[in-house]
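In: I would like the atomic coordinates for the input below:
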Amino acid sequence: ANVTTFKDASAVLAQGLERRHIAATVMNRASSRSHTILRFVMETKNKAGSALRTSTLALVDLAGSERAKRLGKEGRNRFTEGCYINKSLLTLGMCI
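Out: Residues are numbered from 1 along each chain as shown. Predicted coordinates:
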């Protein structure tokens with residue numbers, strides 16, 4: 001999304017929060033169950049409108065993955081979910 005105002009930025013952040021998946025685990029009652037990458041590209045321009053400098057800032061929230069032996073009564077579902085999270089973290093690591 002092309003964001004030029006604080007209102008635009010707030011709308012994009014709200015949309016991201018709506019799509020974020022969290023779940024309670026034994027270790028954390030609001031554990032991230034999805035990955036989120038928020039990337040800011042900022043341009044500084046002169047009065048003529050020509051770009052002088054472009055900077056990029058990436059904020060990354062990676063899904064949590066608890067050790068299998070600490071899953072408690074959530075057991076099987078969280079274990080399967082953790083396997084998918086670990087696989088996606090490995091794949092993400094190869095892309096970055």
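
In: burial check on the closest residue to residue 39 other than its chain neighbours, number of neighbours?
Out: With sequence-adjacent residues excluded and distances taken as C-beta to C-beta, 6 or more residues apart in numbering, residue 39 is closest to residue 58, at 4.9 Å. The way it works is simple: take the backbone N, C-alpha and C, and place the C-beta from them, glycine included. Neighbours of residue 58 under the rule other C-beta atoms under 10 Å: 10.

In: tell me the contacts of residue 58?
Out: 37, 38, 39, 40 (C-beta atoms under 8 Å, 6 or more residues apart in numbering).

In: the first one: what's its closest spatial neighbour, skipping adjacent residues?
Out: Taking C-beta to C-beta, 6+ apart as the measure, residue 37 lies nearest to residue 60, with 5.3 Å between them; neighbours along the chain are not counted.

In: quick check: the one you found is in a strand.
Out: Yes: secondary structure of residue 60 (DSSP: H, G, I helix; E, B strand; the rest coil): part of a strand.

In: hmm, back to that, out of the contacts of residue 58, which sit inside strands?
Out: Of the contacts of residue 58, the ones assigned to strands by DSSP state E are 37, 38, 39, 40.

In: need the residues you listed in CSV (columns: pLDDT, neighbour count and distance to residue 12).
Out: What follows is these, written out as CSV (pLDDT from 0 to 100; neighbours: other C-beta atoms under 10 Å; distance: C-beta to C-beta, whole Å):
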residue, pLDDT, neighbour count, distance to residue 12
37, 82, 12, 12
38, 83, 13, 8
39, 86, 9, 11
40, 85, 11, 10
